[in-house]
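In: predicted coordinates and the sequence they were generated for:
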Amino acid sequence: MNVIEARHLWKEYGDNVVLENVSLAVKAGEFITVVGTSGCGKTTFLKLLLGVETATRGDLLLDGKPLPDEPNADRGIVFQRYSVFPHLNVLENVMLGAELAASPFWGRTFGKRRRAIREQAVAMLESVGLGTALLKYPSELSGGMQQRLALAQALIKKPRILLLDEPFGALDPGIRADMHQLILSIWRQTGLTIFMITHDLKEGFYLGTRLWVFDKRRHDPQAPNRFGATITYDIPLGHTDRTTLHTIQQSLGANHD
Ligand SMILES: Nc1ncnc2c1ncn2[C@@H]1O[C@H](COP(=O)(O)OP(=O)(O)OP(=O)(O)O)[C@@H](O)[C@H]1O
């Protein structure tokens, strides 16, 4: 069964057609990487998957049923920046997610339950390499450490689907390579389904099991918002020749070397 399926999905803001007739099917455990020119609707697509935006037309299904139109523990998200709470320390940031899931009304747990959540949070932070930074505040962390924290915060709720919006875009190349190993090891261990937006085509090819290119098939020079983007390439990775990579690089413009 498909974990996510879209049938003729459209998203419009007023007369701005952002996504146009997107159809897709994704099986559990796939690692989808998404590229496309700036403003073509990639984040909008993730927001539809998260449930903070709804489609204008078409169907978006989770396990064959309409996707709930608000976020829940099934789906976790990490943004390029600012995914964590600045006024909470590392451990509190991760515990809060688990406490909200366990006690949605109070956002706090007590006694045995709280100790169990603390242990889970510590284990999660150790697994992302933050075991020695539990009491630090986000402002005291490097960019890479903040993204490790954001991942731990998303993963503590045990989502089945992880949505990543350019999570490594602001990191230096060396740190980024470490994060690639981390996300691959998390993906292998958990069997999560991952959707990851990247502006780095090579990163998309390296990490994904499948790469999507979002682009417009039709253009109206007089009215640029008239047509929306759809998936113009859907490539199973591991079988792609250099010519395809080159063609996509050209269609995305010069900033993907
Ligand atoms: N809440 C909103 N209200 C109105 N228009 C919106 C809203 N959110 C996004 N848009 C418009 O939708 C289009 C797609 O935006 P989106 O952020 O999804 O693009 P993107 O491909 O993720 O861009 P980037 O790569 O630059 O992050 C843009 O034209 C944007 O202005």
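Out: Noted; the coordinates are in hand.
In: am I right that residue 120 falls within a strand?
Out: No: under DSSP: H, G, I helix; E, B strand; the rest coil, residue 120 falls outside any strand and is assigned helix.
In: how many neighbours does it have?
Out: 15 (other CB atoms under 10 Å). Where you see a C-beta, it was placed from the backbone N, CA and C, and this is true even at glycine.
In: residues of the chain that sit close to the ligand?
Out: 13, 16, 18, 36, 38, 39, 40, 41, 42, 43, 44 (CB under 6 Å from any ligand atom).
In: what strand or helix carries the last one?
Out: Yep, that's residue 44 we're talking about. Per DSSP states H and E: residue 44 is located in helix 42-50.
In: what comes into contact with that helix?
Out: 4, 9, 11, 18-19, 22, 34-36, 53-55, 60, 67, 71, 75, 77, 161, 163, 165, 195, 197, 214 (CB atoms under 8 Å, 6 or more residues apart in numbering).
In: just the buried ones from the residues of the chain next to the ligand?
Out: Neighbour-count burial (16 or more other CB atoms under 10 Å) is assigned, among those, to 18, 36, 40, 41, 42, 43, 44.
In: turn these into JSON lines, columns for pLDDT.
Out: Output for those, formatted as JSON lines (pLDDT from 0 to 100):
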{"residue": "18", "pLDDT": "97"}
{"residue": "36", "pLDDT": "96"}
{"residue": "40", "pLDDT": "93"}
{"residue": "41", "pLDDT": "96"}
{"residue": "42", "pLDDT": "97"}
{"residue": "43", "pLDDT": "96"}
{"residue": "44", "pLDDT": "97"}
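In: just the residues you listed now: which is nearest residue 116?
Out: Distance to residue 116 across these (CB to CB) is lowest for residue 43, with 35.1 Å.
In: quick check: the closest one vs residue 165, distance?
Out: Distance check for residue 43 against residue 165: by CB to CB, to the nearest Å, it reads 6 Å.
In: who touches both of those two?
Out: Listed as contacting both residue 43 and residue 165 by CB under 8 Å, 6+ apart are residue 197.
In: stretch 69-80: end-to-end distance?
Out: Between the opening and closing residues of stretch 69-80 lies a distance of 23 Å (CA to CA, to the nearest Å).
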